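**Q** Need a 3D model of the following:
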Amino acid sequence: MASFGSNISDATKRLDDAVDALENLLGPHLSDIEAGESVNTLKEHIKTLTEERDQLAQELEEARARARRLESANDEVSGRLESLMTSLKQDLAASPS
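**A** Model (predicted):
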């Protein structure tokens, strides 16, 4: 499960970095657009950030799916261990001392 937390932390950091980059890009580019820089440059930056966001969303969904599978496997193993312990207790109680 530590890996899941690490993936979430990594994805969150990358998302924060992308938002910071967008904020940093907008200010100077608005000035540049007023000064005559191409709007296409800004569109390319936004496209790159959008692709990054989409990738992060996909990675986050994959991490969530993995966490659900791990939780399910953990529940199954816990159930089996509990059943085994119950069976062993019954066997010990039934055996002559």
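
**Q** State the number of residues packed around residue 45.
**A** Look at residue 45: counted by other Cβ atoms under 10 Å, it has 16 neighbours. All C-beta atoms are positioned from the backbone trio N, CA, C, and that covers glycine.

**Q** Start the count at 841 instead of 1 going forward.
**A** Renumbered: residue one is now 841, and that last one reads residue 885.

**Q** Correct me if wrong: it contacts residue 863.
**A** No - using Cβ atoms under 8 Å, residue 885 makes no contact with residue 863, being 11.7 Å away.

**Q** Excluding chain neighbours, give the residue nearest to the residue positioned nearest the centre of the chain in space.
**A** Nearest to the mean C-alpha position of the chain, counting by Cα atoms, centre = their mean, stands residue 900 at 2.9 Å. Excluding its sequence neighbours, the residue lying closest to residue 900 (Cβ to Cβ, 6 or more residues apart in numbering) is residue 851, at 5.0 Å.

**Q** distance of the one you found from residue 925?
**A** 38 Å (Cβ to Cβ, to the nearest Å).

**Q** who's more crowded, the two?
**A** The neighbour count for residue 851 versus residue 925, taken as other Cβ under 10 Å, is higher for residue 851 (19 against 10).

**Q** Secondary structure element holding that one?
**A** Element membership of residue 851 [criterion: DSSP states H and E] is helix 842-874.

**Q** and if you look at residue 929?
**A** Assigned by DSSP H and E, residue 929 falls within helix 879-934.

**Q** And that helix, what does it pack against?
**A** Applying 3 or more Cβ pairs under 8 Å, 6 or more residues apart in numbering; DSSP states H and E, we find helix 879-934 packed against helix 842-874.
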